[in-house]
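Participant: model this:
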Amino acid sequence: MVPGPVPEGARLPLRPRALGGAMLRFGPAGVPEAARNAEEGVRLVSEMGLQAMEVEFVRGVRMGAGEARRVGRAAAELGVRLSAHAPYFVNLNSKDAGIIERSRQHLLRTMGAARDLGAPIVVVHAGFYSGMAPDEATEVIARGVSEVREAADGEGCSGVVLGLETMGKKGSWGTFGEMRQVCSRVGNVQPVVDFSHIHARGRGSLRTREDFASVLAAFEAFDAPFLHGHFTGVEWGPSGERRHLEVSSASPDFSLLAPLLLEKEYDITLICESPAPDRDALLMQDTVEKSRPKARGAGRKA
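Facilitator: Next up is the predicted model:
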């Protein structure tokens, strides 16, 4: 899918690292600490050798259209794929109608910012069960997603996918099954695969390579044009996610996922959400590179 246009200059093609059959991009959640702003963050990410960055609007959209376009142009020039994360306080299944309406507006503002950034996807935590049965909550959230999608398309955001994040706490809406019900009814919506949330919600369910393969198979059933995902180490308990850990915690173990990514033919972007997102994004990228099969005869003496 082609992202929305960046005014004042055409987008240049992205130049991701080709690892195996897939075009894999790795990057941090948020602007690197050393950066003073998002545009500088894009340049630092590129200098690090990473190809993605998620712009965090988790406390609200405070980036104007002009700044977003400048950031988008810098990202296009450097081959950094941007995404945007909607505010954490979105809840499309609140019992308070005012909260639902404000949630819609937060999403529309985030999608408008993504359009100006040239970002192909907005990530959102869609809501909570709020005391409802999962199927009832799914019906309400599906209506909200449909309304947001229709309004966003009317504001020139048809090139921005609405990404529903798989959630890590048992009280949060967001399983693959629930998303299937929404995505079957609303176009231009797809899952955002948060592997660590799936691991935490399943109380440590991603233990083997086969466990990760089953997650990828579940995603592939949606027939989405690309995979956008999150990864971090995670501490979990009876109710699911507790806190993020560094990737080196191996909870879950990224080295089990890495070789599977090399087998895929679709575009994959993984955003690192660990407490050290820049460093750990590089660690993840390096782990995938080390998982590449060695060329036949490599290392032999002449």
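Participant: What are the buried residues along stretch 98-117?
Facilitator: 99-100, 102-104, 106-117 (16 or more other CB atoms under 10 Å). All C-beta spots, glycine's among them, are computed from the backbone N, C-alpha and C.
Participant: Let me know the pLDDT of R11.
Facilitator: Here the pLDDT value assigned to R11 is 29.
Participant: Also the one 5 residues further on?
Facilitator: According to the model's per-residue confidence, P16 sits at a pLDDT of 48.
Participant: again with the one 5 residues further on
Facilitator: Confidence at G21, expressed as pLDDT, is 48.
Participant: got it, and the one 10 residues further on?
Facilitator: pLDDT, the model's per-residue confidence, is 96 for V31.
Participant: again, but for R292
Facilitator: On pLDDT, R292 comes in at 86.
Participant: so where is the stretch 151-300 of the chain shaky, pLDDT-wise?
Facilitator: Low-confidence regions of the stretch 151-300 of the chain, defined by pLDDT under 70, span residues 295-300.
Participant: what are the ranges of the helices in it?
Facilitator: Listed from the start of the chain, the stretch 151-300 of the chain has helices (DSSP state H, counting those that start in this stretch) covering 176-183, 195-201, 209-220, 254-261, 277-290.
Participant: Just put the ones you listed in JSON lines and tack on mean neighbour count and distance to S158.
Facilitator: Formatted as JSON lines, the entries for the helices of the stretch 151-300 of the chain read as follows, by neighbours: other CB atoms under 10 Å; distance: least, CB to CB, whole Å:
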{"stretch": "helix 176-183", "mean neighbour count": "19", "distance to S158": "16"}
{"stretch": "helix 195-201", "mean neighbour count": "26", "distance to S158": "28"}
{"stretch": "helix 209-220", "mean neighbour count": "16", "distance to S158": "23"}
{"stretch": "helix 254-261", "mean neighbour count": "20", "distance to S158": "29"}
{"stretch": "helix 277-290", "mean neighbour count": "20", "distance to S158": "30"}
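Participant: Looking at those, which is nearest to T166?
Facilitator: Between T166 and the helices of the stretch 151-300 of the chain, the shortest separation by CB to CB is 5.2 Å, and it involves helix 195-201.
Participant: what sits up against that closest one?
Facilitator: Judged by CB atoms under 8 Å, 6 or more residues apart in numbering, the contacts made with helix 195-201 from elsewhere in the structure are 165-170, 174-175, 205-206, 212, 215, 229-236, 240-242, 244, 251-252, 257, 273.
Participant: Among the residues you listed, the buried ones, what's the PyMOL command?
Facilitator: Typed into PyMOL, the line below selects the buried ones among the contacts of helix 195-201, using 16+ other CB under 10 Å:
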select buried, resi 165+166+167+168+169+174+175+206+212+215+229+230+231+232+233+234+236+240+241+244+251+252+257+273
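Participant: Filter the contacts of helix 195-201 down to the ones in strands?
Facilitator: Of the contacts of helix 195-201, the ones assigned to strands by DSSP state E are E165, G229, H230, F231, G233, V234, E235, W236, G240, E241, R242, H244.
Participant: farthest-separated two in those residues?
Facilitator: The most widely separated members of the ones in strands among the contacts of helix 195-201 are G229 and R242, with 20.4 Å between them, by CB to CB.
Participant: Quick one: distance of the helix or strand that contains V140 to the chain centre.
Facilitator: Here V140 sits within helix 134-154, counting by DSSP states H and E. From the chain centre to the centre of helix 134-154 is a distance of 19 Å (CA atoms, centre = their mean, to the nearest Å).
Participant: What residues of that helix count as buried?
Facilitator: 137-145, 147-149, 152.
Participant: Tell me what angle it forms with helix 176-183.
Facilitator: What separates the directions of helix 134-154 and helix 176-183 is an angle of 40 degrees, with axes from the mean of the first three to the mean of the last three CA atoms, to 10 degrees.
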